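K.L.:
What follows is a predicted protein model with its sequence.
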Amino acid sequence: MAVQARVEELRFPMHGDARGQLIALEAMSDAVPFEVKRVYYIFDTTPGTIRGNHAHKDLRQILICISGACTISCETPDGAQSEHRLDWPDRALLIDGLVWRQMKDFSKDAVLLVLASGHYSEDDYIRDYASFRDAARIAMQQEVSE
Ligand code: TYD
């Protein structure tokens, strides 16, 4: 089994005309490659807050800052780190599987919309960084031995 971890920047097509912009997202499409089982949004964020600080064992999410801006930083099991500034509603980030993530640098007007492939389950969270690195090491070893 390959390490199920992927971070990918997405750009959604906009239906713009003289009236303004519209973006439509459908589950199980190129834009959203999973069934959406949950939607949540983060807003009114206290300045300087860093949210997240966790990984999921088995969850796909798409993050869209539909107002304002914020930055998502990610670390995959191989240790690769990346930062992604979401500052327009057609930009999104797909986070799939075992990825340590932080959400930070929220603008005052930021509304971060998240589409998730699963219902909320505390059992799916890894909230401790050392435990994430342990799980990442095991996943990488499994990948090599297969
Ligand atoms: P938390 O996991 O701290 O948010 P983040 O990791 O994005 O900073 O979640 C804050 C609270 O909201 C916590 O009590 C769990 C609850 N919650 C739900 O009930 N359902 C959800 O889908 C999410 C994401 C959180």
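P.N.:
That came through, no problem.
K.L.:
buried ones in the helix or strand of the chain with the lowest mean pLDDT?
P.N.:
Among the helices and strands of the chain, helix 129-145 carries the lowest confidence by mean pLDDT, DSSP states H and E, at a mean of 92. Across helix 129-145, burial judged by 16 or more other CB atoms under 10 Å covers 132-133, 135-136, 139-140. In short, each C-beta sits where N, CA and C put it, glycine included.
K.L.:
Okay, now the unreliable bits of this structure?
P.N.:
1-3 (pLDDT under 70).
K.L.:
rewinding a little: pull the distance from the least confident helix or strand of the chain to the chain's centre.
P.N.:
Distance of helix 129-145 from its chain centroid, counting by CA atoms, centre = their mean, to the nearest Å, is 20 Å.
K.L.:
Let me see the residues that make contact with it.
P.N.:
With contact meaning CB atoms under 8 Å, 6 or more residues apart in numbering, helix 129-145 is reached by 1-5, 53-55, 57, 75-79, 98, 100, 126.
K.L.:
Can you get me a residue count around residue 58?
P.N.:
Neighbours of residue 58 under the rule other CB atoms under 10 Å: 13.
K.L.:
is it true that it touches residue 116?
P.N.:
No. Residue 58 lies out of contact with residue 116 (CB atoms under 8 Å); the separation is 11.3 Å.
K.L.:
The ligand contacts on the protein?
P.N.:
Selection of the chain residues close to the ligand by CB under 6 Å from any ligand atom yields 38, 40, 51-52, 54, 120.
K.L.:
Of these, just the buried ones, PyMOL syntax please.
P.N.:
Restricted to buried positions by 16+ other CB under 10 Å, the PyMOL selection for those reads:
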select buried, resi 51+52+54
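K.L.:
how about CSV for the residues of the chain next to the ligand, with distance to residue 65 and secondary structure added?
P.N.:
CSV is the format used below for these (distance: CB to CB, whole Å; DSSP: H, G, I helix; E, B strand; the rest coil):
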residue, distance to residue 65, secondary structure
38, 18, strand
40, 14, strand
51, 13, strand
52, 14, strand
54, 19, strand
120, 21, coil
